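S.K.: model the following, please.
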Amino acid sequence: MQLWQLRTFSAVAKNLHFRRAAEELNLSQPAVSHQIKSLEDEIGEPLFLREKDGIFLTKTGQTMYEHANKILNIADEMRFEIRENEEFLNGKLFLGVVTRGLSHTFLEVYKEFKKIYPQIEVTFQIENKFDDVIEKIRAGSIDIGLISHIGELKGLVSIPYGEYELLLTVGKNHPFAEKGEISIDELAKQEWVLFEPGNKLRETIENILREEGIPLKIGYETNDATIVRQMIMHDNKISFVPEWGILEDLQEGKLVKVKIKGKKYKVQVYLVWKASRRTKVMSATLSFLLEETLQGIYPIKDEEDVYLTIH
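M.R.: Below you'll find the model as predicted:
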């Protein structure tokens, strides 16, 4: 359970309306609904009664609303005191990512970051390869890297940030969409849309299929994530796609995730920076990132009997 989830829950509980809460938080309505569903799954009980004439807090929801507001008030007071008693931070920070989708997940919490550190300017550097991010961290042109592949890290610091799930994804008209769950063997005759050779996600997918003994039939190759999504939606091709990259497409029914019996594939995400170069701005940003889990990236679990974790 994260502070950003409690803020979303508190906004919905206050407004008793998903759309108004989304407008208040500057989020999409599907994103708010997804966060509430995730929170209810974690709690194990519904927080809202969904009736024809509106939504209402359950008894559990009422109790949680009281505690959530206390927690959020304490967090806001703590941040205010820190800002009042510390040097007012300002400056630029360059955050390196390989895919634009990871930067989009950060934008969900960027508004909160700017409330706390209004004079820190964050710039995203989108690179083609993980090795490019590492190289630029060494050179000093990227301060912090958010990556899902660890190479040679001499002189660098890395900490596990979380993990995201690779979802087998199809269009709503694909035969798998109606099934909802398939066996791994059913992938054998499918056409895949993949990134071009050299891309780490492509390598990961190739490794999965190789280890499962599934032949790879490539239907289309591109380095444009938007084209990957479009080919899945409209051309009956399939692919494994990071959950954080397609959350809204799933919620809007444009894409469908399909379960594979007995299989889940997860990828670890790391924060990386240069050991000899940690400024106050970097420390503040790292602390924020560790507190505000990005949407679609979850705490790492040790379930090796079920999950295949790809490094």
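S.K.: so after the helix or strand hosting H67, what's the next helix or strand?
M.R.: Using DSSP states H and E, H67 falls within helix 59-85. On the C-terminal side of helix 59-85, the closest following helix or strand by DSSP H and E is strand 91-97.
S.K.: mind listing what's buried along that next one?
M.R.: For strand 91-97, burial by neighbour count (16 or more other CB atoms under 10 Å) applies to 93-97. For the C-beta atoms, the positions are set from N, CA and C on the backbone; glycine is no exception.
S.K.: equivalent analysis for stretch 163-178, please.
M.R.: Quick answer for stretch 163-178 (16+ other CB under 10 Å): 163-171, 174, 176-177.
S.K.: one more: stretch 223-238?
M.R.: Those would be 225, 228-233, 236-238, for stretch 223-238 by 16+ other CB under 10 Å.
S.K.: mind listing the strands for the stretch 51-200 of the chain?
M.R.: Counting by DSSP state E, counting those that start in this stretch, the stretch 51-200 of the chain has strands at residues 54-57, 91-97, 120-126, 144-147, 156-171, 181-182, 191-195.
S.K.: could you measure from H234 over to R138?
M.R.: To R138, H234 is 42 Å away according to CB to CB, to the nearest Å.
S.K.: closest to D185 out of the buried residues of strand 91-97?
M.R.: Using CB to CB, V97 comes nearest to D185 of these, at 35.1 Å.
S.K.: doesn't R277 make contact with G140?
M.R.: Yes: applying CB atoms under 8 Å, one finds G140 in contact with R277, separated by 6.5 Å.
S.K.: look at those two and report which has more neighbours.
M.R.: Per other CB atoms under 10 Å, whichever of G140 and R277 has more neighbours is R277, with 14 against 11.
S.K.: reformat the buried residues of strand 91-97 as CSV; add distance to R210 and pLDDT.
M.R.: Shown next, in CSV, are these (distance: CB to CB, whole Å; pLDDT from 0 to 100):
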residue, distance to R210, pLDDT
L93, 39, 89
F94, 36, 91
L95, 33, 89
G96, 29, 86
V97, 27, 82
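S.K.: hmm, who's touching stretch 249-261?
M.R.: With contact meaning CB atoms under 8 Å, 6 or more residues apart in numbering, stretch 249-261 is reached by 30-31, 33-34, 167-172, 174, 176-177, 179-184, 187, 229, 232-233, 241, 246.
S.K.: what residues of it count as buried?
M.R.: Buried residues in stretch 249-261 (16+ other CB under 10 Å): 249-251, 254-258, 260.
S.K.: between the two ends of that stretch, what distance do you get?
M.R.: 23 Å (CA to CA, to the nearest Å).
S.K.: quick one: average pLDDT of it?
M.R.: Taken as a whole, stretch 249-261 has an average pLDDT of 92.
S.K.: residues contacting I218?
M.R.: 191-192, 194.
S.K.: correction: P30
M.R.: 247-248, 251-252.
S.K.: how does it look with 10 Å?
M.R.: The contact partners of P30, taken as CB atoms under 10 Å, 6 or more residues apart in numbering, are 18, 22, 247-253.
S.K.: from those residues, which is closest to Q125?
M.R.: Nearest to Q125, judged by CB to CB, of these is L247 at 23.2 Å.
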